[in-house]
Structure formats: structure tokens, C-alpha cells
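Chemist: how would this look folded up:
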Amino acid sequence: MLDFFLNSFLILFLVMDPVGLVPVFLTLVGHHPKARQERIAWKAVWLAGGLFVLLYFLGLGLLGYLGMDPDALKLSVGVLLLRAVAEMAFAYRKWEAEDWKADEEALAWENAPVFLLAILLVVGPGPLAGLLILGAEAQRVAYGTQLVLAAAFLVLLIAYLLLRAGDWVSQALGPKGSTALTWILGILLAALAVKYVADGVRALL
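Modeler: Numbering: from 1, shown residues only. Prediction:
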């Protein structure tokens, strides 16, 4: 059980990439007072948690309805994770945040940053791939669903703490440190993606 929890935490930490969300957060709300930044971070993390639970159980229901085997699912999950690696490498999240910031009409709505941050955390090729594979593997482990949800909320707690300390994290890492950390996490995620692709191919042969 502990191994499954740690594996779930590692996968979700890599695919949600809370560290990589810090520059996005600062791009969107760095000009706001600190108190409002903290409120936005809190709301975004709570919304992301709700979306995670919703998508997790929807994914479980869909997998059960389709009768998909977890081993066969690994190939498609690996491909989705590789796409997530490409997004990390090209800083897709930051580009999207800058597009939103340039759109005055979109940001005129007070909660627009909350929704964007929550969506970036849990709705994307990487997080959705993590949801699918962990949901499938949880069926083989005692209390698997509870362990996955606990791992997800631990990652979201870390995300909230990083966003609250966004200015400090940005200054501590600097542009080069942030880029290097993103690449390190990207390499780990790429290795995980290749593993799932290989496992999926073996399952199909």
C-alpha cells in the first residue's frame, strides 16, 4: 500500500507540475496585492481538487463501462505523457497564461485566474493520463482509490504552498534554476512515459 501511495504521489506530482505552475501564477496575478494572490491560490486549489475527484470517478466509470484492461491502457497513457513532456519543454503553460493576460475581456471576470490555474493543474494530457492509469491500477490495490485521492490532495497542498510563496520561489530559483528544474522533472516524466509505452506494447504482443 505504501509503495502504491508513493508511486501515485510521484506520478501526480510530475504530471500536475506544481513547481512549473508558479511562473504561470505570477504572470496572471503577480500584480495583485498579496492577500488577493493567496485567495486566488486557495480557490484554484480547491477547484482543482473538486475537478480531480469528478474526473477520477468519471474515468473509473468509463473504464469499467468499456471493460478496458489496465495493461492495454498503458500505451495510450504513455503517448499522452510524452505530449505533456513536450508542453513542459516548450513552456506551453506560460504562453497560455500570457495569452490570457493579454485578453482584457477574459480577465475582466474576477475568478478567471482561478479557473485557468485549476484547469492547468488537472485538465491536460499529463494529468488526465495520470488519472486514467492510477484509476485503473487502484482497482488492484486495497484502498487504492483512497490512496490515489490522498496522494492527489497532498500534491494540491504542495501546489498551494508553492503558489503562496510564489515570489520567494521565483527569486530563489531564478530563471535558470526554474528552467533547469522543469527540465529535470520533464526527464523524469519522459522516462515514466517510455516505461508505460513499453509496458503497453508488451501487453499487446
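Chemist: residue ranges with poor pLDDT in the protein?
Modeler: Low-confidence segments of the chain (pLDDT under 70): 30, 64, 66-73, 77, 83-111, 124-125, 170, 172-183, 203-205.
Chemist: residue boundaries of the helices in it?
Modeler: 2-16, 18-29, 34-66, 70-89, 92-102, 104-107, 112-122, 125-138, 144-164, 166-204 (DSSP state H).
Chemist: in CSV: those, plus mean neighbour count.
Modeler: (Glycine included, C-beta is placed from N, CA and C.) Formatted as CSV, these follow (neighbours: other Cβ atoms under 10 Å):
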stretch, mean neighbour count
helix 2-16, 19
helix 18-29, 22
helix 34-66, 16
helix 70-89, 19
helix 92-102, 16
helix 104-107, 11
helix 112-122, 22
helix 125-138, 24
helix 144-164, 19
helix 166-204, 15
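Chemist: residue contacts, residue 195?
Modeler: Residues counted as contacts of residue 195 (Cβ atoms under 8 Å, 6 or more residues apart in numbering) are residue 78.
Chemist: hmm, try it at 6 Å
Modeler: For residue 195, no contacting residues are found, by Cβ atoms under 6 Å, 6 or more residues apart in numbering.
Chemist: start the count at 533, not 1, going forward
Modeler: In the new numbering, first residue 533, that becomes residue 727.
Chemist: from residue 533, how far off is it?
Modeler: To residue 533, residue 727 is 21 Å away according to Cβ to Cβ, to the nearest Å.
Chemist: same question for residue 647.
Modeler: 35 Å.
Chemist: likewise residue 557?
Modeler: Counting by Cβ to Cβ - residue 557 and residue 533 are separated by 33 Å.
Chemist: residue 663 now?
Modeler: 20 Å.
Chemist: repeat that for residue 568.
Modeler: Taking Cβ to Cβ, one finds residue 568 at 40 Å from residue 533.
Chemist: got a list of what the closest residue to residue 666 other than its chain neighbours touches?
Modeler: Closest residue to residue 666 in three dimensions, ignoring its sequence neighbours and counting by Cβ to Cβ, 6 or more residues apart in numbering: residue 680, at 4.9 Å. Shown in contact with residue 680 (Cβ under 6 Å, 6+ apart): 540, 666, 670.
Chemist: now render these as TSV, adding distance to residue 591.
Modeler: Shown next, in TSV, are the contacts of residue 680 (distance: Cβ to Cβ, whole Å):
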residue	distance to residue 591
540	14
666	9
670	11
